[in-house]
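A.B. asks: Give the three-dimensional model of this entry:
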Amino acid sequence: MIASAKARFSAVDVALVIMSFVWGLNFTAVKGAIADFQPLTFNAIRFGTSSLILLSLLWLRERNISVRRKDLARFVMLAIIGNTAYQLFFINGIALTTATNSALILATTPIFIILFGAALDVEKVTNRIIQGVILSFLGVVMIILGSGQTLAFTDQSLIGDLLIVANPICWSIYTVLSKPMLKEYSPLKLTTVTMVIGAVPLVLVAIPSLSTQNWSTISANSWLGLAFSAVFAIAIGYVIWYTGVSRIGSARTSLYDNLVTVFAVTAAWILLAESMTVIQIAGAVLVFISLYVVRRKSRHQEPKA
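C.D. replies: Predicted structure coming up:
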């Protein structure tokens, strides 16, 4: 039994909420920009720009952009899984399935992070974390189904669904395996090095798209959307994510990923005049409750699940 509990939200939690808000807006920004940009072109410029920004910040802050030779292989592995593979799976998957299917599948990210973290013994999984993940997932399900859109797992969407399933798996591996490295490297350095390495294949794959892109038709709003995504959603957002993993653990940080759905729906409601139902509002409340559940403070130690 828990004798008493009180919230123990910190500056890291505030930063993660801001990150989730930015990622929620990012859906609208990317959706608008992709109307003018070819997807591979957009990703190449976005990650190339983010890499340059982070390299500059890393040099200004730490005056050192190198890593230990013995760790280089791990950095390459994380970069390929968390940046290159993730982005390629997402771009190709979203084109072959529905947005509703994608949102529901991506909401399983905290579940995969818990499973990988426990399997690799990287992080203890408490009953409270499991409760929070269940509440968060149910909240996202309510938000998605409350929109009135139906899930459509058909033969036609199967390939796209499988590609999207690879996203939470990639992100979970990226997050869990990076935690031990955060004991030796700052969140900024880990984010920067993995992003720079991961951006190289993305640019190479995008060369045909870059050569055929019609640059004259790209609107100012699309360029602004790309800049917002590159600077805030990718460069700053990824650093905040790794800071959360370093400070409060990967499982607790992962719950803020589902908060993105809340802000995405809210942004669409405000900016795109889309409707919001009572069920969606209840789902959003459930996601916030899940954050409280895992971040409250108790006098007695919880048993490991």
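A.B. asks: Please count neighbours and contacts with C-alpha atoms only from this point.
C.D. replies: Will do.
A.B. asks: Can I get stretch 91-111 as CSV, trimmed to CA atoms?
C.D. replies: Taking C-alpha atoms only, stretch 91-111 is exported to CSV below (Å, rounded to 0.1, in the frame of the first residue of the first chain):
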residue,chain,number,x,y,z
ILE,A,91,7.6,7.5,-44.8
ASN,A,92,6.9,4.4,-46.7
GLY,A,93,4.5,2.9,-44.2
ILE,A,94,2.2,6.0,-43.9
ALA,A,95,1.8,6.0,-47.6
LEU,A,96,0.4,2.4,-47.6
THR,A,97,-1.9,2.6,-44.5
THR,A,98,-4.3,4.9,-42.8
ALA,A,99,-3.5,7.7,-40.4
THR,A,100,-5.8,6.0,-37.8
ASN,A,101,-4.0,2.7,-38.1
SER,A,102,-0.6,4.6,-37.8
ALA,A,103,-1.6,6.6,-34.7
LEU,A,104,-2.8,3.5,-32.9
ILE,A,105,0.3,1.4,-33.8
LEU,A,106,2.7,4.3,-32.8
ALA,A,107,0.9,4.5,-29.4
THR,A,108,2.4,1.1,-28.5
THR,A,109,5.9,2.7,-28.2
PRO,A,110,5.8,2.8,-24.4
ILE,A,111,4.8,-0.9,-24.3
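A.B. asks: What segments of this structure are strands?
C.D. replies: In the chain, the strands defined using DSSP state E lie at 5-7, 296-298.
A.B. asks: rank those strands by pLDDT, which is bottom?
C.D. replies: Lowest mean pLDDT within these: strand 5-7, at a mean of 42.
A.B. asks: Closest to the centroid, which residue in the chain?
C.D. replies: Asp257 (5.7 Å; C-alpha atoms, centre = their mean).
A.B. asks: Was I right to think that residue contacts Met19?
C.D. replies: No: Asp257 is beyond contact range of Met19, at 9.0 Å (criterion: C-alpha atoms under 8 Å).
A.B. asks: Point out where the chain drops to low pLDDT.
C.D. replies: Residue ranges of the chain with pLDDT under 70: 1-9, 98-100, 147-156, 268, 271-275, 295-305.
A.B. asks: Helices of that one, start to end?
C.D. replies: 11-33, 39-62, 72-79, 86-94, 99-106, 109-119, 127-145, 158-178, 187-205, 207-212, 220-228, 237-248, 250-271, 278-295 (DSSP state H).
A.B. asks: what's Met142 in contact with, if anything?
C.D. replies: Listed by C-alpha atoms under 8 Å, 6 or more residues apart in numbering, the contact set of Met142 reads 279-280, 282-283.
A.B. asks: And those residues, which is closest to Asn64?
C.D. replies: The shortest approach to Asn64 among these belongs to Gly283, at 44.5 Å (C-alpha to C-alpha).
A.B. asks: Please tell me how far the closest one sits from Val133.
C.D. replies: 13 Å (C-alpha to C-alpha, to the nearest Å).
A.B. asks: Who has more neighbours out of those two?
C.D. replies: More neighbours surround Val133 than the other of Gly283 and Val133, with 28 against 25 (other C-alpha atoms under 10 Å).
A.B. asks: Isn't the more buried one up against Phe112?
C.D. replies: No: using C-alpha under 8 Å, Val133 is not in contact with Phe112, being 10.4 Å away.
A.B. asks: State the number of residues packed around the nearest residue to the residue nearest to the centre of the chain once chain neighbours are set aside.
C.D. replies: Nearest non-adjacent residue to Asp257, counting by C-alpha to C-alpha, 6 or more residues apart in numbering: Ser20, 6.5 Å away. Look at Ser20: counted by other C-alpha under 10 Å, it has 25 neighbours.
A.B. asks: doesn't Thr253 make contact with Ser20?
C.D. replies: No: counting by C-alpha under 8 Å, Thr253 is not a contact partner of Ser20; they are 10.7 Å apart.
A.B. asks: OK, contacts around Asn64?
C.D. replies: Shown in contact with Asn64 (C-alpha under 8 Å, 6+ apart): Leu58.
A.B. asks: Can you list phi and psi of it for me?
C.D. replies: phi -160, psi 120 (degrees, to the nearest 10).
A.B. asks: Check the gap between it and Val193 for me.
C.D. replies: In terms of C-alpha to C-alpha, Asn64 sits 11 Å off from Val193.
A.B. asks: Val278 now?
C.D. replies: For Val278, the distance to Val193 equals 43 Å [C-alpha to C-alpha].
A.B. asks: do the same with Leu52
C.D. replies: 11 Å.
A.B. asks: what's the answer for Val140, then?
C.D. replies: Distance from Val140 to Val193, by C-alpha to C-alpha: 32 Å.
A.B. asks: more crowded one of the two?
C.D. replies: Neighbour comparison, Val140 and Val193: the larger count goes to Val140, with 27 against 23 (by other C-alpha under 10 Å).
A.B. asks: Not counting sequence-adjacent ones, nearest residue to the more buried one?
C.D. replies: Val140's closest residue in space is Gly283 (C-alpha to C-alpha, 6+ apart), at 6.1 Å.
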